[in-house]
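Novice: here is my input; please provide its structure:
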Amino acid sequence: MRSRKLYTYLLPIILLTAIFSILGLRDSISDEHPINISMNEKHRGVCWVGGPRLVDSTMLEALATRNVNWISQTPFGWQRGYSNPEIGNNIGNDRAWWGERDEGLKVTTQLARERGIKTILKPHIWLRDNEGKWRGDIAMNSEEDWQKWFADYEEFILHYAKLAEAEKMEMLCIGTELHKTCIEREQNWRSLIAKIRNVYSGKLTYAANFSEEFEDVAFWDELDYIGVQAYFPVAETENPTLEEVRQGWQPHLEKLEAFSRQHEKPILFTEAGYKSTKDSGVEPWVWPQRLSQEEVLDIYSEETQATLYEAMFREVFDKPFIAGIHLWKWYPSQRRRSNNSSDRQQRLYNIDFTPQGKKAEEVMTEWFTKFSQ
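Specialist: The predicted structure follows:
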């Protein structure tokens with residue numbers, strides 16, 4: 001009798017414990033992110049600058065020794081005016097820079113592949129606009145103009161999709177920061193993606209601006225990766241500390257994680273980087289200005305650029321939903337400050353985004369090496 005009574009008392013407790021255990025397990029399962037990119041699959045990438053001269057194997061070997069495993073290559077199309085429906089291109093143009101011509105893209109891809117480095121082909125529209133507009137503002141004034149713009153863009157991007165397929169490039173970026181076209185012409189983009197899929201069998205992404213655009217793109221379901229141009233503000237003052245920058249990443253990472261969960265897609269930083277200036281964490285997207293040597297010396301800081309790199313690698317790279325990072329930007333030749341450089345070259349290089357020849361390069365190499373093991 002006594003054992004039966006004890007069993008009667010214990011049974012509800014056992015059942016409740018089991019229920020709570022199951023609920024707890026469900027909670028832990030729901031907390032797991034649906035995307036989990038392993039470290040050896042992540043992009044340790046740089047944005048390769050297609051220069052005017054031929055590249056050789058030593059230029060790609062310099063990347064391999066730094067444990068870079070991806071590059072992005074960027075041929076350009078040209079548009080005069082944000083509402084001008086005509087898009088020019090360099091297809092077949094022998095006067096274009098060698099690294100941006102088909103021949104240069106092919107040779108660079110092959111030299112990279114020989115060293116275990118994969119390629120994203122990432123065509124850009126370069127906008128020349130007298131009103132100060134940028135790519136994200138491109139929008140047409142009539143249905144006729146929209147049809148013309150997409151016809152020109154289709155010719156442009158399908159050429160590079162076929163090139164990427166022929167050269168077995170591992171990924172194609174179908175557009176970069178074309179915000180208003182995405183908002184106003186979703187169906188045109190979906191139709192275009194279907195045509196790209198017909199000629200290209202690799203992975204697809206689109207490079208959306210960090211500010212508002214990536215949330216507005218409606219066709220992520222058609223792509224393999226959510227591409228983000230990741231120039232998020234991560235500091236409020238000049239010369240931030242490492243801890244300040246690490247904290248500055250938190251609200252952005254929370255938003256990106258939620259967005260990745262929502263779409264069940266990995267997020268790839270198609271561009272990320274910082275100038276070597278004291279304030280580069282405040283507005284990372286701002287390009288270097290033409291300044292006097294005195295002005296450059298006043299704002300120059302390799303230390304700040306290196307701190308921003310360090311914080312980004314610590315906070316971003318090991319997140320399971322992050323597919324990797326492409327650092328803006330890397331020149332084919334190792335450009336170091338030289339007494340033989342002209343004053344203009346000296347000024348532009350001092351505050352350029354590239355980590356080459358700076359402390360940020362050491363940070364990049366250290367972390368890429370760590371992540372490759």
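
Novice: and the residue sitting nearest the centre point of the chain, which of the three is it?
Specialist: The centroid of the chain falls nearest to Thr270 when counting by CA atoms, centre = their mean (1.2 Å). Assigned with DSSP: H, G, I helix; E, B strand; the rest coil, Thr270 falls in the strand class.

Novice: wait, doesn't it sit right on Phe210?
Specialist: No. The pair Thr270 / Phe210 is not scored as a contact, 10.3 Å apart, by CB atoms under 8 Å. (C-beta placed from N, C-alpha, C; glycine too.)

Novice: intersection of neighbour lists for the two?
Specialist: When contacts are counted by CB atoms under 8 Å, 6 or more residues apart in numbering, Thr270 and Phe210 are jointly contacted by Val228, Gln229, Ala230.

Novice: what pairs with the second one across the strands?
Specialist: I take that to be Gln229. Judged by DSSP bridges, the bridge partners of Gln229 are Asn209, Glu271.

Novice: ok, it - contacts?
Specialist: Contact analysis of Gln229 by CB under 8 Å, 6+ apart lists Thr176, Glu177, Ala207, Ala208, Asn209, Phe210, Phe269, Thr270, Glu271, Ala272.

Novice: just among these, which is most surrounded?
Specialist: In terms of neighbours by other CB atoms under 10 Å, the contacts of Gln229 top out with Thr270 at 30 neighbours.

Novice: may I have the predicted confidence score for that residue?
Specialist: pLDDT for Thr270: 98.

Novice: from Arg190, how far off is it?
Specialist: 20 Å (CB to CB, to the nearest Å).

Novice: next one: Tyr231
Specialist: Distance from Tyr231 to Arg190, by CB to CB: 27 Å.

Novice: quick one: which of these two has more around it?
Specialist: Per other CB under 10 Å, whichever of Tyr231 and Arg190 has more neighbours is Tyr231, with 21 against 13.

Novice: low-confidence ranges, the stretch 251-373 of the chain, go.
Specialist: Low-confidence segments of the stretch 251-373 of the chain, defined by pLDDT under 70: 334-349.

Novice: what about the strands in it?
Specialist: Counting by DSSP state E, counting those that start in this stretch, the stretch 251-373 of the chain has strands at residues 267-272, 322-330.

Novice: can you put the ones you listed in TSV and add distance to Asn84?
Specialist: Compiled in TSV, those are given as follows (distance: least, CB to CB, whole Å):
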stretch	distance to Asn84
strand 267-272	25
strand 322-330	27
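
Novice: point out the most buried one among those strands.
Specialist: Of all the strands of the stretch 251-373 of the chain, strand 267-272 has the most neighbours on average by mean count of other CB atoms under 10 Å, namely a mean of 26.

Novice: just the angle between it and strand 322-330, please?
Specialist: Per axes from the mean of the first three to the mean of the last three CA atoms, to 10 degrees, the angle that strand 267-272 makes with strand 322-330 is 10 degrees.

Novice: could you say what helices and strands strand 267-272 packs with?
Specialist: strand 203-209, strand 225-229, helix 242-263, strand 322-330 (3 or more CB pairs under 8 Å, 6 or more residues apart in numbering; DSSP states H and E).

Novice: let's have the contacts of Gln229 in a markdown table, adding distance to Gly45.
Specialist: Output for the contacts of Gln229, formatted as a markdown table (distance: CB to CB, whole Å):
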| residue | distance to Gly45 |
| --- | --- |
| Thr176 | 15 |
| Glu177 | 18 |
| Ala207 | 13 |
| Ala208 | 17 |
| Asn209 | 18 |
| Phe210 | 17 |
| Phe269 | 8 |
| Thr270 | 9 |
| Glu271 | 10 |
| Ala272 | 9 |
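
Novice: hang on, His252 packs against Val245?
Specialist: No. Assessed by CB under 8 Å, His252 is found out of contact with Val245, at 11.4 Å.

Novice: the more surrounded of these two?
Specialist: Using other CB under 10 Å, the more surrounded residue of His252 and Val245 is Val245, with 22 against 17.

Novice: excluding its backbone neighbours, what's nearest that one?
Specialist: Distances taken as CB to CB, 6 or more residues apart in numbering put Ala311 closest to Val245, at 3.7 Å, once the chain neighbours are dropped.

Novice: neighbours around that neighbour, how many?
Specialist: Around Ala311 there are 24 other residues, counting by other CB under 10 Å.

Novice: quick one: it from Glu236, how far?
Specialist: On the measure of CB to CB, Ala311 and Glu236 end up 14 Å apart.

Novice: mind listing the shared neighbours of these two?
Specialist: What both Ala311 and Glu236 touch, as defined by CB under 8 Å, 6+ apart, is the set Gly248.

Novice: and Val49, what does it touch?
Specialist: With contacts defined as CB under 8 Å, 6+ apart, Val49 is in contact with Gly99, Lys329, Trp330, Tyr331, Pro332.

Novice: hmm, try it at 7 Å
Specialist: Counting by CB atoms under 7 Å, 6 or more residues apart in numbering, Val49 touches Lys329, Trp330, Tyr331, Pro332.

Novice: against Trp98, how distant is it?
Specialist: In terms of CB to CB, Val49 sits 12 Å off from Trp98.

Novice: of all the strands of the stretch 251-373 of the chain, which one is nearest Trp220?
Specialist: strand 267-272 (10.1 Å; CB to CB).

Novice: so that closest one versus strand 225-229, what angle?
Specialist: Taking the same axes, to 10 degrees, one finds that strand 267-272 is oriented at 30 degrees with respect to strand 225-229.

Novice: and the contacts of strand 267-272?
Specialist: Outside strand 267-272, the residues that touch it by CB under 7 Å, 6+ apart are 43, 47, 72, 122, 173, 205, 207, 225-230, 256, 260, 312, 321-328.
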